[in-house]
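Enquirer: Fold the following for me, if possible:
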Amino acid sequence: MSDQICVGAIAGAFGVQGEVRLKSFTADPEAIAEYAPLSTEDGGQSFDVQITRAIPQGFAARLTGVRSKEQADALKGTRLFAPRDRLPSLPDDEYYHADLIGLAVFDTGGVALGQVRAVLNHGASDLLEIGAPGQSATVLLPFTLAAVPTVDLASGRIVADPPEGLFDG
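Expert: Below you'll find the predicted structure:
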């Protein structure tokens, strides 16, 4: 399990005073500021976060060291990470996306189906993108209790009961 969890991303500059457009990936969007300082994926930069106001698709925020529109624009697309120990622990049936990526997926008979490549959400519920061994195409498995009855983080595996025909490609 990764020690760093992606909690947000910078979507570009907001205004000309160095504020950024901040997308929050936390369950309580405003809580992103509580997990600061946030760092870039490589740990090269670290920022304290002050949310200044809500805007469509996120927040306007000030980051330490960012004082101009140009500096804010240069950070566009930067993903922000917080140490796992600063984040709240989750109930038994909830998981951080970072913990699911890379897990091996098996069907209820123990047959390997593939590995989780990504966790996607297009509005209704989460989907696990499963990459099968030796296949370039992926399969999207609904991340529901019916389709994924068991997630065992300790052993690094998921037991899936996919809808009939999903893996028959």
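Enquirer: contacting residues around the residue nearest in space to the middle of the chain?
Expert: What sits nearest the mean C-alpha location of the chain, by C-alpha atoms, centre = their mean, is H97, with 5.0 Å. Taking C-beta atoms under 8 Å, 6 or more residues apart in numbering, we find H97 in contact with 6, 119. For every residue, glycine as well, the C-beta is placed using N, CA and C.
Enquirer: domains of the protein?
Expert: 4-86, 97-160 (automatic domain parsing).
Enquirer: Quick check, pLDDT for S2.
Expert: The score at S2 is 59. That number is its pLDDT.
Enquirer: One more: G102?
Expert: G102 is given a pLDDT of 90.
Enquirer: Which helix or strand contains it?
Expert: Using DSSP states H and E, G102 maps to neither a helix nor a strand.
Enquirer: could we number from 230 for the rest of this?
Expert: All set: I'll call the first residue 230, so the last point we hit is now G331.
Enquirer: Next up, the contacts around it.
Expert: So G331 contacts 344-345, 385 (C-beta under 8 Å, 6+ apart).
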